[in-house]
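In: turn this into a model:
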Amino acid sequence: FMGYMWGFLKYHHPEIAKGNFNWDYELFRILPAYLKVKNNAERDQLLIDWIDKLGTVPVCKSCKVDTQQIYIKPNHSWVEKFNVQKALKDKIDYIFNNRNQDKNFYIDLAPGVQNPIFENENDYKNMTYPDDGFRLLSLYRYWNMVNYFFPNKYITDKKWNAVLKEHLPKFINAKNELDYEFAALQLIGEVNDTHANLWGGGDKIMEKRGSNYPPFKVKFIENKLVVADYYNPEHQSKAHVKVGDVITHINNIAVEDIIKNETVNYPASNNAARLRDIAENMLRSPNNEIAIKYISDNGSKDIEIPLFDRKDLNYY
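Out: Alright, predicted model coming up:
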């Protein structure tokens, strides 16, 4: 419930829109008290007091929603879902009906295209592995950005409301930086867009996957992991496999099982794009060799193939 409430206020309350509050830190300030509430009545009173401290919301004469002109309509069904009492519900309705109409401190629009640019969001890039509060903040931030500004929210594989509940335990229970990076990557994947990914900050994932690669390229062809080409043909005598061979196991794990386990870690618009990206890392490792089982003209074979640092290959 706090995730919904925090995001709703961030993008609707005029005083927050003016930048009068560090909204990240306001979350941290209220969380200790919020975690101690024993019932819905205590929860709602705490939030009413919180909202009152934000300042007066003036009446807005231009905030009426023309539901005939827009497809993506405001949806506050979460208020009913959490059995919000009338006093808090009335405050939420009032804020929405008199919501900010001026520039928002946290949002700008790109010239011409008019897609949202999320300004003044501190990335805390100098922090070490973040504590529970900061991990929760990253989840709330991303989920609300998509909830309020992503036009394709209605055609993702899952209902967006269900995504918050599903991923909350992943962020809270992340034991280390690697778990946290995977939690973020899997959340990003819920928008079903190949262009959405961890384009920075995934250091531990990169470390786990390693920087060593085979001297050949593999691709999924007709659902088989196939040797497609050699980056460096001079290494073929060491790697043994030839173009057209089918790899069935990696480190004694069936390729099909690897795909099942890794699917959630590869954001993609469709399965073809996902398999392309998975294939690039299938034989990647921090080690200098990797065990494979493959099918060639002469039957099935088990071998160890050498791996090379990517910079030493004619990688493409």
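In: quick one, helices of the stretch 201-316 of the chain?
Out: Applying DSSP state H, counting those that start in this stretch to the stretch 201-316 of the chain gives helices spanning 203-209, 236-239, 255-262, 271-281.
In: contacts for the longest one?
Out: By Cβ atoms under 8 Å, 6 or more residues apart in numbering, the surrounding residues in contact with helix 271-281 are 194, 209, 218, 219, 220, 225, 258, 259, 262, 263, 266, 268. For glycine as for every other residue, the C-beta is placed from the backbone atoms N, C-alpha and C.
In: biggest helix in this protein by residues?
Out: Assignment by DSSP state H gives helix 132-149 as the longest helix of the chain.
In: I'd like the next helix or strand past it.
Out: The helix or strand immediately downstream of helix 132-149 is helix 160-172, counting by DSSP states H and E.
In: now do the buried residues in that next one.
Out: 160, 161, 163, 164, 167, 168, 170, 171 (16 or more other Cβ atoms under 10 Å).
In: all strands of the protein, in order?
Out: Taking DSSP state E as the test, the strands found in the chain are 107-109, 116-118, 212-213, 216-221, 224-230, 246-250, 253-254, 289-296, 299-306, 308-309.
In: picking up where we left off before, adding distance to residue 101, write the contacts of helix 271-281 out as JSON lines.
Out: Formatted as JSON lines, the contacts of helix 271-281 follow (distance: Cβ to Cβ, whole Å):
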{"residue": "194", "distance to residue 101": "35"}
{"residue": "209", "distance to residue 101": "47"}
{"residue": "218", "distance to residue 101": "54"}
{"residue": "219", "distance to residue 101": "52"}
{"residue": "220", "distance to residue 101": "50"}
{"residue": "225", "distance to residue 101": "54"}
{"residue": "258", "distance to residue 101": "51"}
{"residue": "259", "distance to residue 101": "48"}
{"residue": "262", "distance to residue 101": "45"}
{"residue": "263", "distance to residue 101": "43"}
{"residue": "266", "distance to residue 101": "40"}
{"residue": "268", "distance to residue 101": "38"}
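In: just among the residues you listed, which is most surrounded?
Out: Neighbour counts for the contacts of helix 271-281 peak at residue 225, which has 26 neighbours (criterion: other Cβ atoms under 10 Å).
In: re earlier: give me the contacts around the longest helix of the chain.
Out: Counting by Cβ under 8 Å, 6+ apart, 2-3, 6-7, 10-11, 24, 27-28, 31, 107, 116, 118, 121, 124, 127, 130, 153, 160, 163-164, 167-168, 171-172, 174, 180, 183-184, 187-188, 191 sit against helix 132-149.
In: just the pLDDT for the nearest residue to residue 58 once chain neighbours are set aside.
Out: Distances taken as Cβ to Cβ, 6 or more residues apart in numbering put residue 98 closest to residue 58, at 6.7 Å, once the chain neighbours are dropped. Note on residue 98: pLDDT of 95.
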